[in-house]
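Trainee: here's my sequence, what's the structure:
(one chain, ligands or ions: 1)
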Amino acid sequence: MRLYHSPTSPYVRKVMVLLHETGLLPNVTLVSTYGSPIDPGNTPLEANPLGKIPALEYRAGAVLYDSRVICRYLDDLAGSGLYGTGTALWSRLTIEATADGILDAALLIVYEWRLRPEERRYDPWIEGQWAKIDRALDMLESRWIAELQGPLDAGQIAVACALGYIDFRHGARDWRNTRSHLSAWYAEFAKRPSMIATQPA
Ligand SMILES: N[C@@H](CCC(=O)N[C@@H](CS)C(=O)NCC(=O)O)C(=O)O
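Mentor: You can find the predicted model right below:
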């Protein structure tokens, strides 16, 4: 398999953590990829018309994209049960959607800083994105924290990658201050070898 990869992409990190945790990493060749919404760079547009990574060529000419689809595929391939079944499945998918929503908002802020000329930057829009992140973190702290305990699952991986990305790109925002449970949970989760091996740099 070939994974279109960047070491700083938090969506790619979700896939990488899952590959580490399931033991599938040796089955994958990483293809270094860069691009942005205004310049697709070497992103494989023929594989993913959206011009985004991760994308996984899981067999010759067959490509999966979107981290959620790839993570589910790899979980299925490994038979690792990280998504679970029944009620657990729906909770994990909702937690993953919450974490991915945090990432979407956090990445849009980064693009706004990096790609939009300064005189056209619109601070209320940036703060609107941050408000989404704030509300989602509050929901993880109050509603989902119990679900994040216990054996490894796909929801935990997504949340850990989202928190790691906030630290990486938005370190000045103190998300831990009012979220002691989530903060303690992340401090433990971040010690996993899969998280250490995939730290963005
Ligand atoms: N929903 C997608 C989001 C992927 C995504 O936005 N990846 C970024 C890299 S972190 C990207 O490829 N951006 C290029 C672009 O938006 O054109 C997923 O979960 O895989």
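
Trainee: what segments of the chain are helices?
Mentor: For the chain, helices defined by DSSP state H occupy the ranges 10-22, 67-78, 86-115, 123-139, 154-169, 180-189, 193-197.

Trainee: packing partners for the last one?
Mentor: This points to helix 193-197. Packing partners of helix 193-197 (3 or more Cβ pairs under 8 Å, 6 or more residues apart in numbering; DSSP states H and E): helix 10-22. For the C-beta atoms, the positions are set from N, CA and C on the backbone; glycine is no exception.

Trainee: please see if stretch 65-78 touches the ligand.
Mentor: Yes: applying Cβ under 6 Å from any ligand atom, one finds stretch 65-78 touching the ligand at 66, 67, 68.

Trainee: how about these in CSV, adding neighbour count?
Mentor: Shown next, in CSV, are those (neighbours: other Cβ atoms under 10 Å):
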residue, neighbour count
66, 16
67, 27
68, 18
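
Trainee: which one among those residues gets closest to the ligand?
Mentor: residue 67 (3.5 Å; Cβ to the nearest ligand atom).

Trainee: right, and the closest one touches residue 56 too?
Mentor: No: taking contacts as Cβ atoms under 8 Å, residue 67 lies outside contact range of residue 56: 9.5 Å.

Trainee: can you list the helices of the chain in JSON lines and add distance to residue 61 and mean pLDDT?
Mentor: Shown next, in JSON lines, are those (distance: least, Cβ to Cβ, whole Å; pLDDT from 0 to 100):
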{"stretch": "helix 10-22", "distance to residue 61": "20", "mean pLDDT": "98"}
{"stretch": "helix 67-78", "distance to residue 61": "16", "mean pLDDT": "98"}
{"stretch": "helix 86-115", "distance to residue 61": "27", "mean pLDDT": "97"}
{"stretch": "helix 123-139", "distance to residue 61": "37", "mean pLDDT": "97"}
{"stretch": "helix 154-169", "distance to residue 61": "27", "mean pLDDT": "98"}
{"stretch": "helix 180-189", "distance to residue 61": "36", "mean pLDDT": "98"}
{"stretch": "helix 193-197", "distance to residue 61": "29", "mean pLDDT": "98"}
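
Trainee: can I get those helices in CSV with distance to residue 38?
Mentor: Compiled in CSV, the helices of the chain are given as follows (distance: least, Cβ to Cβ, whole Å):
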stretch, distance to residue 38
helix 10-22, 19
helix 67-78, 22
helix 86-115, 6
helix 123-139, 17
helix 154-169, 18
helix 180-189, 32
helix 193-197, 31
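
Trainee: which neighbours do residue 67 and residue 56 have in common?
Mentor: residue 15 (Cβ atoms under 8 Å, 6 or more residues apart in numbering).

Trainee: got the residues of the protein near the ligand?
Mentor: Near the ligand, when you scan the chain using Cβ under 6 Å from any ligand atom, you find 9, 11, 35-37, 51-54, 66-68, 100, 107.

Trainee: how about a cut-off of 8 Å?
Mentor: 6, 8-12, 14, 33, 35-37, 40, 43, 50-54, 65-68, 70, 100, 103-104, 107, 111 (Cβ under 8 Å from any ligand atom).
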